[in-house]
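S.K.: got a predicted model here, sequence first, then my questions.
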Amino acid sequence: MHQLYYLTDEQRAVRDLVRQVARDKIAPLAARVDETEAFPEESIRLLAQQGLYGIWVPEAYGGTDMGWLALSLVTEEIAWACAATATQYLVQPLGGLPILRWGTEAQKRRYLPRLASGEILAAFSLSEPGSGSDAASLSTTAVRQGDRYVLNGSKQWCSNGDHAGVIVVFATVDKSKGAKGITAFLVEPGMPGFAVGKKEKKMGIRGSPTVALHFTDCAVPVENRLGAEGEGFGIAMRTLDFTRPPTGAMALGIAQASLDAATEYARQRKQFGQPIGAFQGIQFMLADMAVAVHASRLMIHHVASLQDRGADVTTLESSMAKCFAADTAMRVATDAVQIFGGYGYTREYPVERFMRDAKIMQIYEGTSQIQRVVIAQHLLGRL
Ligand code: COS
């Protein structure tokens with residue numbers, strides 16, 4: 001491991017704390033969570049007990065306010081052990097940050113302390129069956145009727161939607177306005193007309209539930225609107241600017257775990273009378289994996305440090321870091337399976353799980369293609 005000279009003592013301490021919990025307690029549960037598609041309740045409880053759910057929340061609302069670099073450090077360590085648990089861990093700021101940044105004082109007081117302690121979990125629901133990368137085309141509607149909005153439509157691929165105490169739901173108050181009609185709402189599962197739909201059977205991160213949500217004349221009080229009408233798309237995009245880097249950190253955790261496993265295996269496994277790590281073909285693979293892992297980490301830490309220093313708009317750096325780390329995780333995990341050979345293709349070793357878990361990193365929170373669209377727009381402007 002490289003010395004990260006720029007970390008503060010506090011950041012080092014929280015990283016070391018979570019590393020120990022993740023390696024001793026969460027990693028041993030990961031294969032079973034994957035195999036049984038079970039909600040990683042025990043792992044989440046351990047993280048909440050250590051106060052790790054509140055690190056992005058200001059002290060005034062019950063958190064420890066340690067910042068975005070700390071969040072990325074923690075997320076990497078959790079993902080090293082169990083990517084499904086890391087996904088669950090990150091939906092908390094994904095659903096909670098919009099409340100922190102755009103919520104009224106009453107909304108903040110109602111939700112943030114419970115999110116910081118882990119008493120309730122959050123979710124974020126933007127995607128729909130017909131609207132994934134083209135988020136502005138969503139068609140769930142919200143119609144104001146007196147002191148409530150009536151929501152109708154269906155959402156898809158909502159991580160943690162069946163376990164959340166509050167879900168940030170994006171709907172349109174006027175589809176003809178495109179992005180400018182999109183409005184955010186804080187939906188609680190008990191609201192009439194809200195129903196959790198199909199739970200997906202997924203390739204990876206199988207312990208993290210991904211569900212559809214259905215709204216049938218769902219009545220949401222006006223005080224649960226987040227921000228103004230039409231502000232929702234900006235809320236979603238600006239939230240993703242902050243959650244894409246820690247999503248990259250999740251990919252980084254998977255990549256580091258893959259590299260560690262492959263390095264150890266290359267030392268132990270003997271073929272043709274010597275450890276396979278003595279062959280230059282394997283050495284070069286490991287070296288390329290290590291370079292990409294290191295570069296991912298620096299990119300993520302760079303953007304998180306900008307955010308900790310108060311940068312509000314990091315769209316370019318966030319997309320670059322997420323894209324690079326996600327693509328790296330997929331490549332490094334695939335190469336780890338290759339180094340393990342036939343053993344790597346079996347469930348006897350964890351690298352096949354790492355490879356399956358890595359794939360989602362290139363898809364959720366914006367695909368690697370969408371990140372490239374964002375990056376290219378910064379280079380070229382709108383042509
Ligand atoms: N921060 C603040 N505002 C932003 C923004 C950002 N990062 N990105 C876009 N906006 C604003 C634009 O400035 C524009 O506002 P104005 O019309 O006032 O100028 C508005 O939002 C619409 O932007 P744009 O025209 O660029 O939107 P597009 O429909 O072209 O979509 C992409 C942009 C493709 C980048 C967006 O839809 C996206 O990120 N898609 C992926 C969605 C995603 O990540 N889904 C994962 C599910 S969440 S787990």
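M.R.: Received the coordinates, thanks.
S.K.: which bits of the chain sit near the ligand?
M.R.: 124, 126-127, 133, 135-136, 179, 233-234, 237-238, 240-241, 315, 364-366, 370, 373-374 (CB under 6 Å from any ligand atom). Every C-beta, even on glycine, is put in place using the N, C-alpha and C of the backbone.
S.K.: who are the packing partners of the lengthiest helix in the chain?
M.R.: If each helix of the chain is counted by residues according to DSSP state H, the longest one is helix 232-268. In this structure, helix 232-268 makes packing contacts with helix 68-81, helix 83-102, strand 166-172, strand 182-187, strand 274-275, helix 280-308, helix 315-340, helix 351-361, judged by 3 or more CB pairs under 8 Å, 6 or more residues apart in numbering; DSSP states H and E.
S.K.: what angle sits between the third one and helix 83-102?
M.R.: Right, the one you point to is strand 166-172. With axes from the mean of the first three to the mean of the last three CA atoms, to 10 degrees as the basis, strand 166-172 and helix 83-102 are set at 70 degrees to each other.
S.K.: look up how far residue 191 lies from residue 345.
M.R.: When CB to CB, to the nearest Å is applied, the distance between residue 345 and residue 191 equals 46 Å.
S.K.: list the contacts of stretch 175-184.
M.R.: When contacts are defined by CB atoms under 8 Å, 6 or more residues apart in numbering, stretch 175-184 is touched by residues 98, 102, 136-139, 141-142, 149, 168-174, 225-233, 235-236.
S.K.: stretch 17-28 now?
M.R.: Stretch 17-28 has contacts (CB under 8 Å, 6+ apart) with 40, 43, 46-47, 50, 52, 73-74, 77-78, 80-82, 85.
S.K.: mark which of those are buried, thanks.
M.R.: Listed as buried from those are 40, 43, 46-47, 52, 73-74, 77-78, 80-82, 85; burial here means 16 or more other CB atoms under 10 Å.
S.K.: farthest pair in these?
M.R.: Comparing all pairs in the buried ones among the contacts of stretch 17-28 by CB to CB, the longest separation belongs to 40 and 73, at 19.9 Å.
S.K.: buried residues of the longest helix of the chain, list them for me.
M.R.: Residues of helix 232-268 classed as buried under the neighbour-count rule (16+ other CB under 10 Å) are 232-233, 235-259, 261-263, 265-266.
S.K.: what does stretch 340-354 give?
M.R.: Burial within stretch 340-354, assessed by neighbour count using 16+ other CB under 10 Å, is assigned to 340, 344, 349-354.
S.K.: so the residue in the stretch 251-383 of the chain positioned nearest to the ligand, which state does it fall into?
M.R.: Checking the stretch 251-383 of the chain residue by residue against the ligand with CB to the nearest ligand atom singles out residue 366 as nearest, at 3.1 Å. Secondary structure of residue 366, reduced to three states by DSSP: H, G, I helix; E, B strand; the rest coil: coil.
S.K.: what do you get for residue 35?
M.R.: When states are read from three-state DSSP, the local structure at residue 35 comes out as helix.
S.K.: that one and residue 29, how far apart?
M.R.: With the distance defined as CB to CB, residue 35 ends up 11 Å from residue 29.
S.K.: who has more neighbours, these two?
M.R.: Relative neighbour count places residue 29 above the other of residue 35 and residue 29, with 20 against 12, counting by other CB atoms under 10 Å.
S.K.: helix or strand right after the helix or strand that contains that one?
M.R.: Residue 29 belongs to helix 27-36 when elements are defined using DSSP states H and E. Beyond helix 27-36 on the C-terminal side, the first helix or strand identified by DSSP H and E is helix 41-49.
S.K.: what does that following helix rub up against?
M.R.: If you take CB under 8 Å, 6+ apart as the criterion, helix 41-49 is touched by 18, 21, 25-26, 29, 33, 53, 78, 82, 85, 88-89, 117-118, 121.
S.K.: closest one to the ligand out of the residues you listed, please.
M.R.: Taking CB to the nearest ligand atom as the measure, residue 88 is the one of the contacts of helix 41-49 closest to the ligand, at 13.3 Å.
S.K.: now do the same end-to-end measure for stretch 138-154.
M.R.: Counting by CA to CA, to the nearest Å, you get 10 Å between the two ends of stretch 138-154.
S.K.: typo on my end, it should be stretch 177-192
M.R.: With CA to CA as the measure, the first residue of stretch 177-192 is 28 Å from its last.
S.K.: how far away from the center of its chain is that stretch?
M.R.: Centroid separation for stretch 177-192 versus its chain: 21 Å, with CA atoms, centre = their mean, to the nearest Å.
S.K.: thought residue 327 was touching residue 252, still the case?
M.R.: No: under the criterion of CB atoms under 8 Å, residue 252 is not in contact with residue 327, lying 11.6 Å apart.
S.K.: if anything else comes up later, I'll come back, but that's it for now.
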